[in-house]
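Peer 1: structure, please.
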Amino acid sequence: MLHDAELVRRAQALVGEYTRQRLAFVAARPGNPLGAEWRRYGDALALIAPRFANPHFNRGYGFNDDQLEGVRETIAWFDAGGVAGGFDLAPGRPIAETAKLLAAAGFIHTGFHATLAGPADLPAAAAPGVEVRCVETEADLQSFSDAYHLGWGHADFRIPMMPWLAAPAWRLYLALADGAPAGAAVLSLDGDAAYLADSAVDPAHRRRGVHRALLDRRCADARETGAKVIVSGADYLSASYRNMQRIGLGLLYTEAIWTRASPTN
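Peer 2: Numbers count the residues shown, from 1 in each chain. Predicted coordinates for the structure are as follows:
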């Protein structure tokens, strides 16, 4: 598959929209106790949840020099909300002026995140003793939640996941290793594209092919729905990144992550 600027734009939109949907579930809680909101600026998306210390929900996605006024407004919004905030800047479109604005507001380039893409028709590999199934019952959702939170190291809180099960464009997957809950993952569908999101494996079941099995099942199901393009993300050169390379996804871009220690006011 040839990668181009349009695929970069599409991938950013997929990631941003998936994160917005997650934030919408947070905002839908009675009284919106975490103050979750979002704003759109053309292709770009700004998210904020002042009382939720999750950097992905206090973030700007898809901004570039075509939305400089949106960058200014988002920085001011972060300041008003008392959050440090962050921006993910992808290559393929001009970002020099955006970077100047961020630097002037106290943001610095603090890291990279890899986004990968490829065709939906990808080979699968056997994982003995590992079964992957769609989550359709509350019992499976509880097992999904257990594996998810253990995989991400969230021992101190639980995300309410019932809305995830009802999300129309999402499919949840539970991986079992020798019958025990071992991993969890989400597939987000958007027309002819699919986003492999939020995959997590219980540390007790790692190095058994669980992550790869979750990738394979989601790719196969995406292909059956008519998806032509698969997008996913991982820390550059991590184990997850290497698994994605093994199934045939290629590096689309490394996104520059800009953050700051605190708001300016």
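
Peer 1: low-confidence stretches in the chain?
Peer 2: 1, 155, 265 (pLDDT under 70).

Peer 1: repeat that for 80
Peer 2: Judged by pLDDT under 80, the chain has its weakly predicted residues at 1-2, 53, 155-158, 264-265.

Peer 1: where do the strands sit along it?
Peer 2: Along the chain, counting by DSSP state E, strands occupy 37-41, 44-48, 59-61, 86-89, 108-119, 130-134, 170-177, 180-190, 193-201, 229-234, 250-259.

Peer 1: which secondary structure elements does the longest helix along the chain contact?
Peer 2: Secondary structure of the chain read by DSSP state H shows that its longest helix is helix 5-27. The contact analysis (3 or more CB pairs under 8 Å, 6 or more residues apart in numbering; DSSP states H and E) places helix 5-27 against strand 37-41, strand 44-48, strand 59-61, strand 108-119, strand 180-190, strand 193-201, strand 229-234, strand 250-259. C-betas here are computed from N, CA, C, even on glycine.

Peer 1: can you put the strands of the chain in TSV and add mean neighbour count?
Peer 2: Shown next, in TSV, are the strands of the chain (neighbours: other CB atoms under 10 Å):
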stretch	mean neighbour count
strand 37-41	16
strand 44-48	24
strand 59-61	26
strand 86-89	23
strand 108-119	17
strand 130-134	16
strand 170-177	23
strand 180-190	23
strand 193-201	24
strand 229-234	24
strand 250-259	19
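
Peer 1: so which of those is nearest residue 214?
Peer 2: strand 180-190 (4.2 Å; CB to CB).

Peer 1: what angle separates the closest one from strand 193-201?
Peer 2: 160 degrees (axes from the mean of the first three to the mean of the last three CA atoms, to 10 degrees).

Peer 1: now strand 180-190: how far from the chain's centre is it?
Peer 2: 12 Å (CA atoms, centre = their mean, to the nearest Å).

Peer 1: which elements pack onto it?
Peer 2: helix 5-27, helix 138-151, strand 170-177, strand 193-201, helix 210-224.

Peer 1: who wins for proximity to residue 55 among those?
Peer 2: helix 5-27 (10.7 Å).

Peer 1: could you report the distance from residue 172 to residue 190?
Peer 2: According to CB to CB, to the nearest Å, residue 172 stands 16 Å off from residue 190.

Peer 1: how about residue 102?
Peer 2: As judged by CB to CB, residue 102 and residue 190 stand 28 Å apart.

Peer 1: could you dump the longest helix of the chain to PDB, C-alpha only?
Peer 2: C-alpha atoms of helix 5-27 as PDB (Å, rounded to 0.1, in the frame of the first residue of the first chain):
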ATOM      1  CA  ALA A   5      -0.700  12.800   2.800                       C
ATOM      2  CA  GLU A   6      -4.400  11.900   2.400                       C
ATOM      3  CA  LEU A   7      -3.800   8.700   4.300                       C
ATOM      4  CA  VAL A   8      -2.100  10.700   7.000                       C
ATOM      5  CA  ARG A   9      -5.100  13.000   7.300                       C
ATOM      6  CA  ARG A  10      -7.500  10.100   7.400                       C
ATOM      7  CA  ALA A  11      -5.500   8.300  10.100                       C
ATOM      8  CA  GLN A  12      -5.400  11.400  12.200                       C
ATOM      9  CA  ALA A  13      -9.100  11.800  11.800                       C
ATOM     10  CA  LEU A  14      -9.700   8.200  12.800                       C
ATOM     11  CA  VAL A  15      -7.600   8.500  16.000                       C
ATOM     12  CA  GLY A  16      -9.100  11.800  17.000                       C
ATOM     13  CA  GLU A  17     -12.700  10.700  16.400                       C
ATOM     14  CA  TYR A  18     -12.200   7.500  18.400                       C
ATOM     15  CA  THR A  19     -10.800   9.500  21.300                       C
ATOM     16  CA  ARG A  20     -13.600  12.000  21.000                       C
ATOM     17  CA  GLN A  21     -16.100   9.100  21.200                       C
ATOM     18  CA  ARG A  22     -14.400   7.900  24.400                       C
ATOM     19  CA  LEU A  23     -14.600  11.400  25.800                       C
ATOM     20  CA  ALA A  24     -18.300  11.600  24.900                       C
ATOM     21  CA  PHE A  25     -18.900   8.600  27.100                       C
ATOM     22  CA  VAL A  26     -17.200  10.500  29.900                       C
ATOM     23  CA  ALA A  27     -19.200  13.700  29.200                       C
END
